[in-house]
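Participant: after the sequence you'll find the predicted model.
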Amino acid sequence: NAGVTQTPKFQVLKTGQSMTLQCAQDMNHNSMYWYRQDPGMGLRLIYYSASEGTTDKGEVPNGYNVSRLNKREFSLRLESAAPSQTSVYFCASRPPGRGINEQYFGPGTRLTVT
Amino acid sequence: GQQLNQSPQSMFIQEGEDVSMNCTSSSIFNTWLWYKQDPGEGPVLLIALYKAGELTSNGRLTAQFGITRKDSFLNISASIPSDVGIYFCAGRPFSGTYKYIFGTGTRLKVLA
């Protein structure tokens, strides 16, 4: 049981390049989330998916797109990377069940846009 | 966006001392979560709280869900060097969606 996995662990992009961050969980969780973490700020929600086939914008969705490919996988795409998107990106998932509100995080992807 | 006020921002303590930190919000929450994050790693869930007044322990860690539903506290007893890291809280509002609000973290350094 690997929990939440993310690839790649590190990435350097040039302004204007595109890439997809991958996330997968093997815990049979329904809800999945993408966050970014910047110095001096709390984690900020980019997008989330309550279940397979549904996605919703979070606090900072501009410049990003997501795909909930199936129950296990939730990817985050940067179509045209900008230096402001330099950050650490975390994927998280939440167990199913009414009233269960715990979130479990992956190890993160450290992205630098030059 | 809304964020939690977490304090202190950082603290240096001697090994063996007890540690306290807290989070406050202007909104009421139905869940409080406490995480620890080591450098270069993802956050690890320490304690989850679901009821106002609830007191929950995980080893040397104890967390409480404030009676007003607007705050939460984390205590670490008899700190050890491996307690070093960033601790942050997260709360889930009574909003009907599964979105969370995160604190900015308390950076803990333990002096041996």
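Facilitator: Now that the structure is in, tell me what you want to look at.

Participant: without its sequence neighbours, what residue ends up closest to the residue of chain B found nearest chain A?
Facilitator: The minimum distance from chain B to chain A, using C-beta to the nearest C-beta, falls at residue B:102 (3.5 Å). Where you see a C-beta, it was placed from the backbone N, CA and C, and this is true even at glycine. Of all residues not flanking residue B:102 in the chain, residue A:42 sits nearest, at 3.5 Å (C-beta to C-beta, 6 or more residues apart in numbering or on different chains).

Participant: OK, contacts around the residue of chain B closest to chain A?
Facilitator: A:42-44, B:3-4, B:88-90 (C-beta atoms under 8 Å, 6 or more residues apart in numbering or on different chains).

Participant: can you pull the contacts of the residue nearest the centre of chain A?
Facilitator: Nearest to the geometric centre of chain A sits residue A:34, at 2.7 Å (C-alpha atoms, centre = their mean). The neighbours of residue A:34, taking C-beta under 8 Å, 6+ apart as the test, are A:21, A:23, A:45-48, A:58, A:64, A:66, A:74, A:76, A:89-91.

Participant: separation between it and residue A:40?
Facilitator: Taking C-beta to C-beta, to the nearest Å as the measure, residue A:34 falls 20 Å from residue A:40.

Participant: same question, residue A:71
Facilitator: For residue A:71 relative to residue A:40 (C-beta to C-beta), the value is 35 Å.

Participant: tell me which of those two has more neighbours.
Facilitator: The neighbour count for residue A:71 versus residue A:40, taken as other C-beta atoms under 10 Å in any protein chain shown, is higher for residue A:71 (16 against 7).

Participant: which element, helix or strand, includes the more buried one?
Facilitator: Residue A:71 belongs to no helix or strand when elements are defined using DSSP states H and E.

Participant: for residue B:109, which non-adjacent residue is closest in space?
Facilitator: Nearest one to residue B:109, counting by C-beta to C-beta, 6+ apart, is residue B:12 at 4.8 Å.

Participant: sec struct for the one you found, please.
Facilitator: The three-state label given to residue B:12 by DSSP: H, G, I helix; E, B strand; the rest coil is strand.

Participant: per-residue pLDDT of it, please?
Facilitator: Per-residue confidence (pLDDT) for residue B:12: 93.

Participant: what sits against it?
Facilitator: Neighbouring residues of residue B:12 by C-beta under 8 Å, 6+ apart: B:109-111.

Participant: do residue B:92 as well
Facilitator: By C-beta under 8 Å, 6+ apart, the residues touching residue B:92 are A:101, B:29-31, B:33, B:98-101.

Participant: so which of these sit within helices?
Facilitator: With helices taken from DSSP state H, there is no overlap with the contacts of residue B:92.

Participant: what bits of chain A have low per-residue confidence?
Facilitator: A:1 (pLDDT under 70).

Participant: and the residue of it closest to chain B?
Facilitator: Residue nearest to chain B within chain A (C-beta to the nearest C-beta): residue A:42, separated by 3.5 Å.

Participant: test my guess that that residue contacts residue B:100.
Facilitator: No - taking contacts as C-beta atoms under 8 Å, residue A:42 lies outside contact range of residue B:100: 9.6 Å.
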